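Enquirer: for reference, the sequence and a predicted model appear below.
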Amino acid sequence: MNPPWFDARGIAVGLAVGFGVPVGAQMVVLGLLRSLFRFNLVVAFAFTWVNNPVTLLPMYYGYYYFGALVLDRPISLTGESFREMMGPIIHAHHFWHAIGQFISLGFDVLVCWSITAVTLAVTSAVLGYLIGLKVQQAHCMTKARQMGITYEKLLESLESSLRKPDDAEIEPTRHTTG
């Protein structure tokens with residue numbers, strides 16, 4: 001049980017990273033974002049899996065294809081040639097190798113890919129946040145009724161469970177002589 005905004009942020013971040021960050025860099029980006037913002041990391045991790053080994057090739061070719069259409073550029077790669085280009089990325093053994101291989105796809109492919117990735121990442125993050133927030137609010141309202149408390153009281157309790165103890169609240173130890 002978390003405050004609705006906390007889980008909704010996790011959904012938004014997970015979708016943004018899953019749709020907008022190349023495979024191989026997603027977990028690194030997720031970790032960096034977690035160090036900057038508060039959100040449910042477990043939920044975010046789960047939602048990054050919108051992009052996975054099964055969806056990778058069709059999704060990335062769709063990114064390229066849609067980006068080329070938006071930019072009114074010729075679609076010079078077939079699905080098969082794109083799959084061959086993606087081979088080294090799919091089989092990369094570590095983060096830097098995957099990123100290097102992704103960059104080596106070439107400027108035109110990366111621009112087309114990026115147009116779609118950014119559009120889809122932002123759109124899905126906003127929609128994911130709004131839908132996730134509504135679903136979590138409804139869940140918390142139901143939970144509050146079951147517990148016999150108000151929704152506001154439950155939110156207050158959930159918010160306080162996220163707070164870390166403030167060092168200023170700890171009283172210093174007093175030394176007495178006997």
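Expert: Received it, and whenever you're ready, just let me know what you need.
Enquirer: count the neighbours of residue 17 for me.
Expert: Burial measure for residue 17: 25 neighbouring residues, criterion other C-beta atoms under 10 Å. For every residue, glycine as well, the C-beta is placed using N, CA and C.
Enquirer: what's the pLDDT at it?
Expert: According to the model's per-residue confidence, residue 17 sits at a pLDDT of 95.
Enquirer: which strands and helices sit next to the helix or strand harbouring it?
Expert: Here residue 17 sits within helix 4-20, counting by DSSP states H and E. Helix 4-20 sits against helix 26-36, helix 41-48, helix 107-147, helix 151-162, with contacts defined as 3 or more C-beta pairs under 8 Å, 6 or more residues apart in numbering; DSSP states H and E.
Enquirer: where are the low-confidence patches of the chain?
Expert: Low-confidence regions of the chain, defined by pLDDT under 70, span residues 164-178.
Enquirer: in stretch 116-132, what counts as buried?
Expert: By neighbour count with 16 or more other C-beta atoms under 10 Å, stretch 116-132 contains the buried residues 116-117, 119-121, 124-125, 128-129, 132.
Enquirer: residues contacting it, please?
Expert: The contact list for stretch 116-132 (C-beta atoms under 8 Å, 6 or more residues apart in numbering) reads 4, 7-17, 19-21, 47, 50, 62-64, 66-67, 70.
Enquirer: what do you get if the cut-off is 10 Å, keeping everything else the same?
Expert: Under the contact criterion C-beta atoms under 10 Å, 6 or more residues apart in numbering, stretch 116-132 has outside partners 4-5, 7-22, 40, 43, 47, 50-51, 59-60, 62-70, 110.
Enquirer: out of these, which are buried?
Expert: When the contacts of stretch 116-132 are checked against 16+ other C-beta under 10 Å, the ones flagged as buried are 4-5, 7-22, 40, 43, 47, 50-51, 59-60, 63-68, 110.
Enquirer: between helix 26-36 and the helix holding residue 17, find me the angle.
Expert: 150 degrees (axes from the mean of the first three to the mean of the last three C-alpha atoms, to 10 degrees).
Enquirer: tilt between helix 4-20 and helix 41-48?
Expert: Between the axes of helix 4-20 and helix 41-48, defined by the same axes, to 10 degrees, the angle is 30 degrees.
Enquirer: show me how far helix 4-20 is from its chain's centre.
Expert: How far helix 4-20 lies from its chain's middle: 4 Å, per C-alpha atoms, centre = their mean, to the nearest Å.
Enquirer: just want the angle from that helix to helix 151-162.
Expert: If you take the same axes, to 10 degrees, helix 4-20 sits at 60 degrees to helix 151-162.
Enquirer: and helix 4-20 with helix 107-147, angle?
Expert: Compare the direction of helix 4-20 with that of helix 107-147 by the same axes, to 10 degrees and you get 160 degrees.
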